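>>> dropping the sequence and predicted coords here.
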Amino acid sequence: MTGSLRRLRDLGLGLAILALALLIIAKLENEQARRFSGPFFAIDGDTLGFAGERLRLEGIDAPELAQSCQRGNEAPYPCGEAARDALRSFVSQKGWECSGTRRDRYGRLLVVCRRGLTDLGEMLVASGVAVADGRYLAAEAGARQAGEGIWSGHFERPSDWRRHRQIQETEPIGRFGAFLPHWLTQWFED
């Protein structure tokens, strides 16, 4: 066997081993995902609660509870509360399963929730009560084009709304909770 064929064979073998290693890592990560099956309750428009755990829907950003939006020439309405109410309505239907592996800077588990093939985050964005945040861009475009929810008038993106008011997303236990271990924050909530 010539030197170039041997190198080509070694390269192919190395790539096959690398691909196998990546598949094993992906499988292990999927097995480490924490899974939850309702009942869930809506904390705000993009955060669920389940047995003392806070679950942040990954890929969406809903208006803050104190945020208002405006439909055409109508009076402003509490779109943050409307987002929470929509999330509450969706999760009141049985069969949702949420899973995630990572936490955000506030200690909330970042999750994707599904009921069969239906994705909760996509439903919220498509109904116009939340904006896409790295995911669900097609659903956001459809909601914008159809004038659904917040897209029926004027609103400030939730991240801009927080930035203009120089506030961060806060959790009910207060800002200091972001610096405490998760098990300790649960103790304060109980």
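That came in fine, so what should we check first?
>>> how about the helices in the protein?
3-32, 79-91, 120-126, 137-146, 158-164, 182-189 (DSSP state H).
>>> using CSV, please lay out these together with distance to V111.
Every C-beta, even on glycine, is put in place using the N, C-alpha and C of the backbone. CSV is the format used below for those (distance: least, Cβ to Cβ, whole Å):
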stretch, distance to V111
helix 3-32, 14
helix 79-91, 12
helix 120-126, 9
helix 137-146, 17
helix 158-164, 18
helix 182-189, 14
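>>> tell me which of these lies nearest to G38.
helix 79-91 (6.5 Å; Cβ to Cβ).
>>> quick one: mean pLDDT for the closest one?
Helix 79-91 comes out with an average pLDDT of 96.
>>> how about the nearest residue to V91, chain neighbours excluded?
Take V91 and drop its neighbours on the chain: the residue closest to it by Cβ to Cβ, 6 or more residues apart in numbering is F40, 4.5 Å away.
>>> hmm, the one you found is touching G95, no?
No: with contact defined as Cβ atoms under 8 Å, F40 does not count as touching G95 (11.2 Å).
>>> higher neighbour count, these two?
F40 (22 against 10; other Cβ atoms under 10 Å).
>>> and that one, what pLDDT?
On the pLDDT scale, F40 gets 93.
>>> also the one 5 residues further on?
The predicted local confidence for G45 comes out at a pLDDT of 96.
>>> just give the number of residues close to it.
For G45, using other Cβ under 10 Å, the count is 27.
>>> which helix or strand in this structure has the lowest average pLDDT?
helix 182-189 (a mean of 47; mean pLDDT, DSSP states H and E).
>>> from A33, how far out is L87?
According to Cβ to Cβ, to the nearest Å, L87 stands 21 Å off from A33.
>>> what's the distance between the residue nearest to L120 when sequence neighbours are not counted and H164?
Spatial nearest neighbour of L120, chain neighbours left out: C113 (3.9 Å); criterion: Cβ to Cβ, 6+ apart. As judged by Cβ to Cβ, C113 and H164 stand 30 Å apart.
>>> name the residue in the two with the higher neighbour count.
More crowded of C113 and H164, by other Cβ under 10 Å: C113, with 26 against 9.
>>> who are the contact partners of the more buried one?
40, 48, 55, 57, 91, 96-98, 119-121 (Cβ atoms under 8 Å, 6 or more residues apart in numbering).
>>> OK, contacts around the residue positioned nearest the centre of the chain?
For the chain, the residue nearest the mean C-alpha position is E58 (1.7 Å; Cα atoms, centre = their mean). E58 sits next to 100, 110-112, 121, 135 when contact means Cβ under 8 Å, 6+ apart.
>>> now render the residues you listed as JSON lines, adding neighbour count, distance to C69 and pLDDT.
Shown next, in JSON lines, are the contacts of E58 (neighbours: other Cβ atoms under 10 Å; distance: Cβ to Cβ, whole Å; pLDDT from 0 to 100):
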{"residue": "G100", "neighbour count": "19", "distance to C69": "28", "pLDDT": "94"}
{"residue": "L110", "neighbour count": "14", "distance to C69": "25", "pLDDT": "96"}
{"residue": "V111", "neighbour count": "27", "distance to C69": "26", "pLDDT": "96"}
{"residue": "V112", "neighbour count": "18", "distance to C69": "26", "pLDDT": "96"}
{"residue": "G121", "neighbour count": "24", "distance to C69": "19", "pLDDT": "97"}
{"residue": "R135", "neighbour count": "17", "distance to C69": "22", "pLDDT": "90"}
